[in-house]
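A.B. asks: Structure of the sequence below:
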Amino acid sequence: MQSFVQVIVFVAFIGLVGWTIFDKSGRTKLQAKRLEDWLLDSAGLFVQGMLIPLLQVTFIYQMDPYGLPMPKECLNLPLVFSFLLSFVAVDYLYYWNHRLLHTFFWHIHQVHHTVTHLDVLGTSRNTIWASFLIVYLWVHTLFLYLLADPAGYLLGVSLTSALDLWRHSQLTIPSNSWLYRYLSPWLILPQDHAWHHSSQFPDRNYGANLKLWDKLHGTYYEESELPTEIGTATSLTFTQKLLFPFL
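C.D. replies: Sure, this is the predicted structure:
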């Protein structure tokens, strides 16, 4: 199942990169991308795509000797419940985590918002250690340790990761299509997340998968078109963005 999860995320990433390259507008924006941005995005992709999964696997296999109150694989949940735990419950945790990143940890999270043209490569743009402030690392590791059968949970993780890549792309669904009318009421779409990255409404649309949390807490902004201006202006140097954005 873990291999299947990796395939889902890899196919989503390669597919969106391929679409960006073959799309004239996307290709033009990639060609105009600064070297600094390429380096930041590449570092972020390495950390989130390789280093973090490696750390999670290491943590899972090293937890047993430390006398945790609950033994490994002690939690038996049906596949559907473990999927919902990952795709829905953890999504709500991330909603509040994301709001915290925009308040208490904004000096660190602002690096992610320096993206001026959304593309799949910028999904992981961050200070290289910012992933340690994101709930996914800790919660996913804990539940993968506790679950007797993590298949459903891993499926939720893979879909969340694939959707994360998609919502940072400009592969939008036309607002007059049946698919948009079906997905828009409940799923965070690229249009929604683009407004979160806009200079006008960075305090809206914090959700990852579901719009429910933003609607419930009054942070949802609805607009079917893309914003004209993306990104937050900052005077940070490349080194600061990569390592110490709070200096």
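A.B. asks: What is the neighbour count of A233?
C.D. replies: The local packing of A233 (other CB atoms under 10 Å) involves 9 other residues. C-betas here are computed from N, CA, C, even on glycine.
A.B. asks: now swap in the one 3 residues further on and tell me
C.D. replies: The local packing count at L236 equals 17, with neighbours defined by other CB under 10 Å.
A.B. asks: Which strand or helix spans it?
C.D. replies: Taking DSSP states H and E as the definition, one finds L236 inside no helix or strand.
A.B. asks: where does K72 fall, phi/psi-wise?
C.D. replies: The phi and psi torsions at K72 (degrees, to the nearest 10) take the values phi -60, psi 140.
A.B. asks: what's the span of stretch 20-27 from first residue to last?
C.D. replies: The first and final residues of stretch 20-27 sit 6 Å from each other (CA to CA, to the nearest Å).
A.B. asks: buried set for that stretch?
C.D. replies: Judged by neighbour count (16 or more other CB atoms under 10 Å), stretch 20-27 contains these buried residues: T20, D23, G26.
A.B. asks: same check, this time on stretch 221-230
C.D. replies: Of all the residues in stretch 221-230, those buried under the rule 16+ other CB under 10 Å are P227, I230.
A.B. asks: ok, and what's touching it?
C.D. replies: Taking CB atoms under 8 Å, 6 or more residues apart in numbering as the criterion, the residues outside stretch 221-230 that touch it are 115-118, 170, 172, 175, 180, 184, 190-192, 194-195, 197-201, 204-205.
A.B. asks: now do stretch 29-49
C.D. replies: Where contact means CB under 8 Å, 6+ apart, the residues beyond stretch 29-49 that reach it are 20-21, 111, 114-115, 117, 119, 121-126, 128-129, 131, 238, 241-242.
A.B. asks: One more: stretch 236-247?
C.D. replies: Counting by CB under 8 Å, 6+ apart, E36, L39, L40, A43, H107, I108, Q110, V111, T114, T127, I128, T234 sit against stretch 236-247.
A.B. asks: now that stretch, how far from the chain's geometric center?
C.D. replies: Here the centre of stretch 236-247 is set off from its chain's centre by 21 Å, with CA atoms, centre = their mean, to the nearest Å.
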